[in-house]
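>>> Next input, structure requested:
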Amino acid sequence: QVQLVESGGGLVQAGGSLTLSCVASGRTFSNYAMGWFRQAPGKEREFVAAISWFRDSIYNDSVKGRFTISRDNAENTMYLQMNSLKPEDTAVYYCAVNPVISTTRSYAYWGPGTQVTVSS
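Numbers count the residues shown, from 1 in each chain. You can find the predicted model right below:
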């Protein structure tokens, strides 16, 4: 059974930093892409960043230059370093895994999410 578990969310002041982690288990994830999405209250879930098995990465324009995605293939773990956080970054952040890298919500596996709240 595939399981994704996010951690690292919390409350931070604007301008601060947080690092999210996602650990995947339950199957072999060789050549799978991993991604982060977020959903703010009353809004649709949106793409944040994604990284391929070979560590090619793509970002939503709204987080470019502030967020950095990375992964440890040996540990089936993905990270999202978030700097210069803004109140509009407040959302539940979801980890997702998929055979191919994508910016759409078509990922095969999803975690339960972790809350990130940025105060002004």
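
>>> tell me the centre residue of this protein?
Residue closest to the average C-alpha location in the chain (C-alpha atoms, centre = their mean): residue 36, at 2.4 Å.

>>> Which pLDDT does the model give the nearest residue to that residue once chain neighbours are set aside?
Nearest non-adjacent residue to residue 36, counting by C-beta to C-beta, 6 or more residues apart in numbering: residue 48, 4.2 Å away. C-beta: built from backbone N, CA, C; applies to glycine. Reported pLDDT at residue 48 in the predicted model: 98.

>>> Wait, a strand at residue 48?
Yes. Residue 48 forms part of a strand when assessed by DSSP: H, G, I helix; E, B strand; the rest coil.

>>> didn't it look like it was pressed against residue 92?
No. With contacts defined as C-beta atoms under 8 Å, residue 48 does not count as touching residue 92, sitting 11.4 Å away.

>>> what sits in contact with each of the two?
Both residue 48 and residue 92 are in contact with residue 38, where contact means C-beta atoms under 8 Å, 6 or more residues apart in numbering.

>>> more neighbours, those two?
Remark: of residue 48 and residue 92, residue 48 carries more neighbours, 24 against 18, as counted by other C-beta atoms under 10 Å.

>>> From residue 1, how far out is the more buried one?
Counting by C-beta to C-beta, to the nearest Å, the gap between residue 48 and residue 1 amounts to 25 Å.
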